[in-house]
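Undergrad: the sequence and its predicted three-dimensional model are supplied below.
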Amino acid sequence: MIVAFSITPLGVGEGVAEPVARAVKVVRESGLPNRTDAMFTTVEGEWDEVMDVVKRAVDAVAEVAPRVGLVLKADLRPGVTDGMTSKVESLEQHLDH
């Protein structure tokens, strides 16, 4: 499965980079394939391991924020691995034509 999620620390003021960095650190240390951009962090793996990473990332932010918002989008496709890369490669091939 591929999960794209965004964690928003609430009640910490305008500067949210430090609390968000705590979440990204959890994801990167998980060992699962992942990618972070300006809006979302995407992680790929089995259901239980991905959801565990998301929970731990939320918990890391909750340690420094009184309230946490979570937006999550999941692509559940049994039997597919390396979907984060293969989906983009397929798109690029279509753009090249």
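TA: Cool, got the structure. Residues are numbered from 1 along each chain as shown.

Undergrad: could you check the distance from the residue nearest to the spatial centre of the chain over to residue 93?
TA: In the chain, the C-alpha closest to the average C-alpha coordinate belongs to residue 41, at a distance of 3.1 Å (CA atoms, centre = their mean). In this structure, residue 41 lies at 26 Å from residue 93, with CB to CB, to the nearest Å as the measure. Just so you know, the C-beta spots here come from the backbone N, C-alpha and C atoms, and that holds for glycine as well.

Undergrad: check contacts around residue 39.
TA: With contact taken as CB atoms under 8 Å, 6 or more residues apart in numbering, residue 39 is in contact with residue 6.

Undergrad: pretty sure it sits in a helix.
TA: No. Remark: residue 39 does not belong to a helix; assigned using DSSP: H, G, I helix; E, B strand; the rest coil, it is coil.

Undergrad: may I have the phi/psi pair for it?
TA: When read as degrees, to the nearest 10, the backbone of residue 39 gives phi -120, psi -30.
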